[in-house]
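Peer 1: Got a predicted model here, sequence first, then my questions.
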Amino acid sequence: VSPPPPGHSPRRPDVGRIVSGAVLVGLGGAVARAVLDDSYTAYVRPVMRVPLALTAVVLIVAGVAGCLSGIRTTPRPAGVAPAAEHHEHRHGVSRAALLALVPLAVLALVRPPALDDAATTRVAQAASQPAADSGVQVEPLAGDPDTPKQMSFNELSVRANATNGQPTLNGRMLSLEGFVSKDQKGAPAGTVRVGRYMIWCCAADATYGAAFVHWPTGTAAPAAGSWFTVVGRVQGFTTADFVAVPLITAQSAQTERPPKEQYEY
Amino acid sequence: VLRAFPPSGWSNSAVTRLGAPSPYPVAAGPADPAGTRVALLPVVATGAALVATAFVVGGMISGGLGEDRLHQWFTVFLALVLQALPFLVLGTVLAGVVSAYLKPALVSRLVPRNPVAAVGVAGLAGAVLPGCECSSVPLARRLAARGVPTPAALSFLLAAPAVNPVVVVATLVAFPGRPEMALARWLAALATSMTVGLLWTRWGRPLPLPPPTDGVRPWRVLLHTVVDDTSSSAGYLAVGAAAGATLTVLVPRDWINALAGLGVVSILATATLAVLLAVCSEADAFLAAALRAFSPTAQLAFMVVGPVVDLKLIALQTGTFGPAVARRLAPMAFGVAVLSAIVIGAVLL
């Protein structure tokens, strides 16, 4: 924690700073790996790529330099009072730095995946979801209603709950990319809950948008967690957990790999 | 959350070791080098207690902690850490530059002697640091060590994350066609930081200062400050992120929207939400705009409270400044921020 007291005894390694430096090198390495293999998109927005890369560089450089400086301590310069010299804490290991091993371990060993749909009890989830008839006004949708329009689940959810939103969706052909929910709570008989998270800042504020889809016959079974591009027509709305959710009759449901960036932004 | 924090009965050792709290130390005095370490145990204890409580309560509510929840916890925990880490590193690098190259003589020329004027100047100076709340905690401590009076350093600490141009632009983008939200936020944040700074001149405690660095070569001071501040702040951040992840994953969701229509209660609800979610000030305007069920003043309260008090900030401040400072600063900042939001919201929104 503390910066160096004025001067060090010659030839006495500063263990605390060596440990702190090593923690920084480890943390920087773990961040660098998350940036290089794109796994950071499970936690924060893609726009954080460059800041995280710079962070990794600073952590590694400062950590290595800190280790070296801790190993090669310099003699105390002349004219400095030896006031702090006898404090034993001086070369103690900073326990706060050891706490930083927790995110390092999670990042290096656990590597948790992007949020799945089991997170429906989360605070941000409820708070940022529009209450039904929330007073929000939306613009009409341009274009031919029979041409499938690509739409995010977030926009779908906002429109479904805006004061003037449901008429803009009713009867529209939409193309939606999302995953099949593990939790099918509230889904009317014969429908499948499909949705996706949107994040504003990071996974801590993820909002889940969903639709209930009448699955087309003769296509791949909607296994929980699998990703699909669903093309279908909005045919009404139902209310689940105080939120209006669109009912969609799918014409096709194309199974696919999970996208590299699993959240909407 | 705030009232329970910190538990009563904590020792005041970080402050009593520093000697008389008044007058504020002007330059880096012969502070106890162990002073900053004293703060650690309470941080760990608070973090552990918060996490444990939340797990127990959350477990009772949700019927146990399944494997899904554990994965979510890890994901949200890393999300909070990774979103804050770049800003934290920016802050410690600036803190290192301040420690190494900002001469106390220059500080005494730039910072007015009058404490009220000093608080005002420091609050406005926050407008030029394009960081968020994690950057300013280590920076404020190093500024204080170079002779900036504590109330001014805290005013800077509270203003910088909320009044800088990046946050203003983000707020304008998040509320298209409603520039009054950005103006209201800017004014309320500035009012909050200056009011807390002024209150601190009367009821505050001095910040525990790092030991002096006289006679050490500047590049070495820079390096050591970056290494020491980054490693310890990352540790405190981990505690705050763990508490935030626990509450985010386990707290049931229905309470927040249920409070949307209830006037002042709805304002306290969004303010509390800002404390729990611990979202970066660079991005919180978007989340505030998404609180569609809430009044503009409640949305404003979310944006004014978030940059001055949240779980990760409480952990960072307790670790960096010691519990005696943090347990005054967090409730004071929360109360002043809510009042500023209510007053400015009533006038402008």
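Peer 2: Arrived safely. Values in this document were obtained by computation on a predicted structure and should not be read as measured data.
Peer 1: Name all residues that make contact with B:Ala182.
Peer 2: B:Ala182 is in contact with B:168, B:171-172, B:175, counting by CB atoms under 8 Å, 6 or more residues apart in numbering or on different chains. (C-beta placed from N, C-alpha, C; glycine too.)
Peer 1: Need the buried ones from these selected in PyMOL.
Peer 2: The PyMOL command for the buried members of the contacts of B:Ala182 (criterion: 16 or more other CB atoms under 10 Å in any protein chain shown) is given here:
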select buried, chain B and resi 168+171+172+175
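Peer 1: how about the contacts of B:Ala182 in JSON lines, adding pLDDT?
Peer 2: Below are the contacts of B:Ala182 laid out as JSON lines (pLDDT from 0 to 100):
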{"residue": "B:Val168", "pLDDT": "92"}
{"residue": "B:Thr171", "pLDDT": "92"}
{"residue": "B:Leu172", "pLDDT": "91"}
{"residue": "B:Phe175", "pLDDT": "87"}
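Peer 1: Which pair of the contacts of B:Ala182 spans the longest distance?
Peer 2: Pairwise distances across these (CB to CB) peak at 11.3 Å, for the pair B:Val168 and B:Phe175.
Peer 1: Need the per-residue pLDDT for the residue nearest the centre of chain B.
Peer 2: Centroid-nearest residue in chain B, with CA atoms, centre = their mean: B:Leu313, separated by 3.9 Å. We have a pLDDT of 93 for B:Leu313.
Peer 1: pretty sure it is touching B:Val239, no?
Peer 2: No - contact criterion CB atoms under 8 Å: B:Leu313 and B:Val239 do not qualify, at 11.5 Å.
Peer 1: sec struct for B:Trp186, please.
Peer 2: Of the three states, B:Trp186 takes helix under DSSP: H, G, I helix; E, B strand; the rest coil.
Peer 1: Repeat that for A:Thr238.
Peer 2: strand.
Peer 1: who's in contact with it?
Peer 2: By CB under 8 Å, 6+ apart, the contact list for A:Thr238 reads A:186, A:188, A:212, A:244-245, A:247.
Peer 1: That one and B:Thr192: what is the separation?
Peer 2: 43 Å (CB to CB, to the nearest Å).
Peer 1: related to what we said a few turns ago, can I get the buried part of the contacts of A:Thr238 as one PyMOL selection?
Peer 2: Here is the PyMOL command that selects the buried residues among the contacts of A:Thr238 (16+ other CB under 10 Å):
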select buried, chain A and resi 186+212+244+245+247
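Peer 1: Mind checking which of the contacts of A:Thr238 land in strands?
Peer 2: Residues of the contacts of A:Thr238 located in strands (DSSP state E): A:212, A:244-245, A:247.
Peer 1: Looking at these, which two lie furthest apart in space?
Peer 2: Across the ones in strands among the contacts of A:Thr238 (CB to CB), the longest gap, 11.0 Å, separates A:Phe212 and A:Ala244.
Peer 1: how about the residues of the stretch 151-265 of chain A near chain B?
Peer 2: Applying CB under 8 Å from any CB of the partner chain, we find that the stretch 151-265 of chain A lies next to chain B at A:182, A:200-205, A:207, A:242.
Peer 1: ok, stretch A:95-115 near chain B or not?
Peer 2: Yes - interface with chain B: stretch A:95-115 contributes A:95-100, A:102-103, A:106-107, A:110, A:112-115 (CB under 8 Å from any CB).
Peer 1: which residues of the stretch 1-150 of chain A score low on pLDDT?
Peer 2: Residues of the stretch 1-150 of chain A meeting the criterion pLDDT under 70: A:1-11, A:74-93, A:117-136.
Peer 1: what's the answer for the stretch 1-150 of chain B, then?
Peer 2: Residues of the stretch 1-150 of chain B that meet the cut-off, pLDDT under 70, sit at B:1-67.
Peer 1: mind running it again at 80?
Peer 2: Along the stretch 1-150 of chain B, the model assigns pLDDT under 80 to residues B:1-70, B:129-132.
Peer 1: Contacts only, for B:Leu222.
Peer 2: B:Leu222 touches B:96-97, B:99-101, counting by CB under 8 Å, 6+ apart.
Peer 1: how about a cut-off of 6 Å?
Peer 2: Contact partners of B:Leu222, counting by CB atoms under 6 Å, 6 or more residues apart in numbering or on different chains, are B:96, B:100.
Peer 1: check which helix or strand covers it.
Peer 2: helix B:218-250 (DSSP states H and E).
Peer 1: after that helix, next one along is what?
Peer 2: Next helix or strand after helix B:218-250 toward the C-terminus (DSSP H and E): helix B:254-258.
Peer 1: need the next SSE after that following helix, C-terminal direction.
Peer 2: Beyond helix B:254-258 in the direction of the C-terminus, DSSP H and E gives the next helix or strand as helix B:264-277.
Peer 1: Please put the alpha-carbon coordinates of that following helix into CSV.
Peer 2: Output of helix B:264-277 as CSV, limited to C-alpha atoms (Å, rounded to 0.1, in the frame of the first residue of the first chain):
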residue,chain,number,x,y,z
VAL,B,264,-39.7,10.8,-3.0
VAL,B,265,-39.7,7.1,-2.4
SER,B,266,-39.0,6.5,-6.1
ILE,B,267,-36.1,8.9,-5.9
LEU,B,268,-34.6,7.0,-3.0
ALA,B,269,-35.2,3.8,-4.9
THR,B,270,-33.2,4.9,-7.9
ALA,B,271,-30.5,6.4,-5.7
THR,B,272,-30.2,3.1,-3.8
LEU,B,273,-30.1,1.2,-7.1
ALA,B,274,-27.2,3.4,-8.2
VAL,B,275,-25.4,2.4,-5.0
LEU,B,276,-26.1,-1.3,-5.6
LEU,B,277,-25.3,-1.5,-9.3
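Peer 1: Stretch B:73-90 near chain A at all?
Peer 2: Yes - on the criterion CB under 6 Å from any CB of the partner chain, stretch B:73-90 is in touch with chain A at B:74-76, B:78-83, B:85-86, B:89.
Peer 1: neighbouring contacts of whichever strand or helix holds A:Arg196?
Peer 2: For A:Arg196, the element it lies in under DSSP H and E is strand A:191-198. Contacts to strand A:191-198, defined as CB under 6 Å, 6+ apart, come from residues A:115, A:153-154, A:178, A:180-181, A:184, A:187, A:206-215, A:222, A:263-264.
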